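# turn this into a structure:
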Amino acid sequence: MNVSGEFTVNAPRDVVYKTLRDASSFVRFVDGVQDLKEIDPTHYEAVFETRVAYLKFKFAVTVEVTRADEPSEIEAKIEGTPLGVVGRLTAKSITKLEDAGNETKVTYSVESTLAGKLGSIGQPVLRSKAKDMEKQFAARLRAAFAEGKPEA
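Got it, this is the predicted structure:
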């Protein structure tokens, strides 16, 4: 399943890049991420918990930043193993940042594969959930910059 989109943030590109690249700052914008641990500057572990329709899912997630081209691009590989009976999640994300006047245009693409019970729910339901998460992420990121520079 591929989910992609774009939105703008009212902040300079280098500031947006540093905010997204700082894991402790980044998790504030993603609903359901907890217990973040930085293994090293490019590897992280966390627990991701979400609800899709009437089902609750919880994953032990590892994230590897596979490319960081400051201040314009971040590429990461995400793998999630189920806590309970769920399935398996693998994803690759690419986030590109471009100057857009006084704002920064954030363009993202996430290619994910879901297996097991989660994968059986169906692509339309999962795509809808992913779009909801994107809207929430963008709203939280915009709100953080509307209030001033986000705290790391």
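# phi and psi next, for the residue nearest the centre of the chain.
In the chain, the centroid-proximal residue (Cα atoms, centre = their mean) is residue 30; its distance is 6.3 Å. According to degrees, to the nearest 10, the main-chain angles of residue 30 amount to phi -110, psi 120.
# and the closest residue to it other than its chain neighbours, how many neighbours?
When the adjacent residues along the chain are set aside, residue 30 lies closest to residue 137, with 6.0 Å between them (Cβ to Cβ, 6 or more residues apart in numbering). C-beta: built from backbone N, CA, C; applies to glycine. Residue 137 has 17 neighbours, counted by other Cβ atoms under 10 Å.
# residue 137: which element?
Applying DSSP states H and E as the criterion places residue 137 in helix 123-146.
# show me what counts as buried in stretch 94-105.
94-95, 97, 103-105 (16 or more other Cβ atoms under 10 Å).
# and of the residues you listed, the nearest to residue 47?
For those, the minimum distance to residue 47 (Cβ to Cβ) is 21.9 Å, reached by residue 95.
# ends of stretch 8-22, how far apart?
Using Cα to Cα, to the nearest Å, the span of stretch 8-22 from its first residue to its last is 19 Å.
# which residues touch it?
If you take Cβ atoms under 8 Å, 6 or more residues apart in numbering as the criterion, stretch 8-22 is touched by 25-26, 65, 68, 70-72, 74, 95, 97-100, 102-106, 138, 141-142, 144-146, 149-150, 152.
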